[in-house]
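# Output the structure for:
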Amino acid sequence: MSEKNRDGKRTARERLAVEREKQKAAERRRRTLIVAASVVCVLGLATAVGVLAANHGKDSGSSKAGPVVAPSGATGKDSLAIQVGKDSAKPTLTVWEDFRCPACQAFETAYRPTLHELTDSGRLKVQYHLVTLIDGNLGGTGSKRAANAAACAQDAGKFRDFHDVLYENQPKETDDAYASNAKLIELAGKVSGLDTPAFKKCVNTGAHDSWVMKSAAAFQAGGFTGTPTVLFDGKNIYADQTMTPAKLKQLVQAANKG
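Predicted coordinates:
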């Protein structure tokens, strides 16, 4: 083999090694981002618990609680979960999340393609519980308003699409942009068939506000320490810093074999 060919192969190997290191570094940064964001959504939890207790059942500008109206198809204990996926799926992923929480956005961004694949194929069902942790930490009503809007989207059979839009357009944690019903209705325009008079009325009247606050109270009563809290058949897997979408798929595959 000529010296030129040997140099060419050596250079190609070096380029491949560099590319692999770049991919490993990117993965490390992704995990660090998710873990770091998780810390942000835990900060102020004690304050949040107090606010949740004080505000349970209250709405901005309202002195009394409305009836607890669960969205269409809500499931689980006290109908506090919104399910994506078929009932026949063996394993269940339970996700407690807050639409203002950056760690929840990081989780959804990293895992969304995998969750869509697994739920669409009937191998997994995901049960979402919507909470208001950041409203308690930083003040405002964006967590509750966004959760109510998502429940309204569930009434229209558009929960997953609107859920994804909310995370794709999530404002900075300190920006309570989702407190605006007009903003939430504007984002509904990104979901085909959702921006309807019924949806607007549901959002503007806070039809599911009391349901959202009941879910927030259940989060508090469950002793959870932050969002997202992700349980696979009852076991907290989000605390596992080695967890990846590929590892989750392996868990789902094993559960479906059992």
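# isn't Ala213 right next to Thr132, touching?
Quick fix: residue 213 is Met, not Ala. Yes - here Met213 lies in contact with Thr132, judged by CB atoms under 8 Å, at a distance of 7.2 Å. (Glycine included, C-beta is placed from N, CA and C.)
# So the two - more neighbours on which side?
Using other CB atoms under 10 Å as the criterion, Met213 and Thr132 rank with Thr132 on top: 31 against 24.
# Excluding residues flanking it in the chain, which one is nearest that one?
Ser143 (4.0 Å; CB to CB, 6 or more residues apart in numbering).
# Take stretch 132-150, keep the C-alpha atoms, and write them as CSV.
Taking Å, rounded to 0.1, in the frame of the first residue of the first chain, the C-alpha atoms of stretch 132-150 are listed here in CSV:
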residue,chain,number,x,y,z
THR,A,132,-49.0,24.3,38.5
LEU,A,133,-45.6,24.2,40.2
ILE,A,134,-44.1,27.2,38.4
ASP,A,135,-47.1,29.4,39.2
GLY,A,136,-46.3,28.6,42.9
ASN,A,137,-42.6,29.2,42.5
LEU,A,138,-42.6,32.4,40.5
GLY,A,139,-46.2,33.7,40.7
GLY,A,140,-48.7,34.1,37.9
THR,A,141,-51.3,31.8,36.4
GLY,A,142,-49.6,30.6,33.2
SER,A,143,-49.3,27.0,34.3
LYS,A,144,-53.0,26.9,35.2
ARG,A,145,-54.2,28.7,32.2
ALA,A,146,-52.1,26.5,29.8
ALA,A,147,-53.3,23.4,31.6
ASN,A,148,-56.9,24.4,31.3
ALA,A,149,-56.4,25.1,27.6
ALA,A,150,-54.8,21.7,27.1
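# Show me which residues of it are buried.
Judged by neighbour count using 16 or more other CB atoms under 10 Å, the buried positions of stretch 132-150 are 132-138, 140-150.
# Centre of the chain to that stretch, how far?
13 Å (CA atoms, centre = their mean, to the nearest Å).
# same thing with stretch 173-191?
Computed by CA atoms, centre = their mean, the chain-centroid distance of stretch 173-191 equals 16 Å.
# for that stretch, what is the average pLDDT?
In this model, stretch 173-191 carries a mean pLDDT of 97.
# Whichever strand or helix holds the residue nearest to Thr132 - contacts with which helices or strands?
For Ser143, the host element (DSSP states H and E) is helix 142-155. If you count contacts as 3 or more CB pairs under 8 Å, 6 or more residues apart in numbering; DSSP states H and E, helix 142-155 packs onto strand 82-84, strand 125-130, helix 133-138, helix 159-168, helix 181-188, helix 197-204, helix 209-221.
# So what angle separates the directions of it and strand 125-130?
140 degrees (axes from the mean of the first three to the mean of the last three CA atoms, to 10 degrees).
# got the contact list for the nearest residue to Gly193 once chain neighbours are set aside?
Once flanking residues are discounted, Gly193 sits nearest to Lys158: 6.8 Å by CB to CB, 6+ apart. Residues in contact with Lys158 (CB atoms under 8 Å, 6 or more residues apart in numbering) are Val191, Gly193, Leu194.
# Which one of those residues sits in the busiest neighbourhood?
Counting neighbours by other CB under 10 Å, the top entry in those is Leu194, with 23 neighbours.
# Please give me every residue in contact with the closest residue to Thr196 other than its chain neighbours.
The shortest distance from Thr196 to any non-neighbouring residue, by CB to CB, 6+ apart, is to Ala156 (6.9 Å). Counting by CB under 8 Å, 6+ apart, Ala156 touches Gly193, Leu194, Thr196, Ala198, Phe199.
# ok, the second one touching Ala153?
Yes - look at Leu194 against Ala153 with CB under 8 Å: they come within range, at 6.0 Å.
# For the closest residue to Pro245 other than its chain neighbours, grab the count of nearby residues.
Nearest-residue entry for Pro245: Thr114, 3.9 Å, with adjacent residues in sequence omitted and distances by CB to CB, 6+ apart. Residues near Thr114, counting by other CB under 10 Å, number 16.
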